[in-house]
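**Student:** Pasting the sequence and the predicted model now:
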Amino acid sequence: MTGHKTNAPLRVTVSRGIEGRFTTESVHLVDAVVSDGEGALIAAYGDPDRGVFPRSSIKLLQALPLVESGAADKFAFEDRYLALACASHTAESFHTAAATEMLKRAGLEPRCLECGEQLPLNPSDIAMVLSEGGPGAIHNNCSGKHCGFLCYAVHEGIETRGYVGFGHPVQRAVAGVLEQATGARHGEDNYGIDGCSIPTYQIPLRALAGAYGKVASGDGFGEARNKAVARLRDACMANPEMIAGTGKFDTQIMQAMNAETGRVFTKIGAEGVFAVSLPELGIGFALKCHDGTERAAEVACAALIESLLQEADSTLSQSQASALKRLANPPIRSRIGIPAGEMACHFPEV
């Protein structure tokens, strides 16, 4: 694959009008870095050294202590539980049931979670939760990740209370894994607080891309960690409904692309961040939408996946090609379904 670098970011446009005469309504700029399995830069759009908080895009790596410690095996976690540990879920009933079961196997209850209460995403689930007394921490989109933290703590004999704190042994272990995986410092001078109250660390975009290039190749971390990474990656690709939920981008694209074999791993993070691995190509990428717009980041993510697979002459089924096209160029419609515009990602000229 021929690499290139450019100072120009990707441009995602939102256009409105009638077929044949669309007018650009908004423009979103996106920095993106593509990296190989050795962590070497293949392509860059915009600033590869831009500091970003990966937020939820890095959950697969945050789940490594759960697997590497033996906790996942001790509690007999099937792949769907491992996928949930990497998820930003919509709190559908199958998500909350799985999270509750994870805690139960470790002798814990939902009240042990310290991620905070959150309403589910879908209206029907909201109505059900409100009828049952309101939301709890189990409904938080990060509850699966937090279940993983708690189960790891129980396995290691660590006090579970306060596990979200910067200095807690659980978060020290997670920070150590992230530092080793990305090659970027994770310390007191570059951390903030994520929405679920755990530390999140600002790192260069190229460091995030490099880590997910290694996730794609299944190599570069050392034999034991390579196996743990592949186990989590494959669990997510095989259980895309657990990683996000009905109608969500990560679930939609992984359902479409991984029906026969694992081709794509994607994980969104808050404020327009994505981390992606393409195992068949042995490459990964990370991107950040300048203004944090989620839908623009999704369009850029789908377009870049489509471009990389086409450049590598990868054969796509008709359903896969259609899914990528739909996600890279989603239509804009009125509330009663009238076509009103379109979105598209534009690559700079090299």
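**Tutor:** Alright, I've got the coordinates.

**Student:** which regions of the protein sit below the pLDDT cut-off?
**Tutor:** Under the criterion pLDDT under 70, the flagged ranges of the chain are 1-6, 350.

**Student:** all strands of it, in order?
**Tutor:** Along the chain, counting by DSSP state E, strands occupy 4-6, 10-18, 21-36, 41-45, 51-52, 191-193, 199-201, 203-204, 265-269, 273-278, 283-289, 331-333, 339-346.

**Student:** quick one: contacts for the spatially most central residue of the chain?
**Tutor:** The chain has residue 267 as the residue nearest its centroid, 1.6 Å off, counting by CA atoms, centre = their mean. Residues near residue 267 by CB atoms under 8 Å, 6 or more residues apart in numbering: 56-60, 86, 88, 236, 243, 250, 274-276. No exception for glycine: its C-beta is placed from N, CA and C like everyone else's.

**Student:** Using TSV, lay out those together with distance to residue 315.
**Tutor:** Formatted as TSV, the contacts of residue 267 follow (distance: CB to CB, whole Å):
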residue	distance to residue 315
56	31
57	28
58	31
59	30
60	27
86	28
88	31
236	23
243	25
250	23
274	24
275	25
276	19
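
**Student:** So which of the residues you listed is the closest to residue 133?
**Tutor:** Comparing those against residue 133 with CB to CB picks out residue 88 as the nearest, at 24.1 Å.

**Student:** Look up how far residue 268 lies from that closest one.
**Tutor:** 7 Å (CB to CB, to the nearest Å).

**Student:** shared neighbours of these two, anything?
**Tutor:** Contact criterion CB under 8 Å, 6+ apart; residues shared by residue 88 and residue 268: 56, 244, 250.

**Student:** Mind putting the strands of the chain into CSV with distance to residue 115?
**Tutor:** Output for the strands of the chain, formatted as CSV (distance: least, CB to CB, whole Å):
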stretch, distance to residue 115
strand 4-6, 39
strand 10-18, 31
strand 21-36, 29
strand 41-45, 33
strand 51-52, 22
strand 191-193, 12
strand 199-201, 13
strand 203-204, 22
strand 265-269, 16
strand 273-278, 19
strand 283-289, 24
strand 331-333, 33
strand 339-346, 32
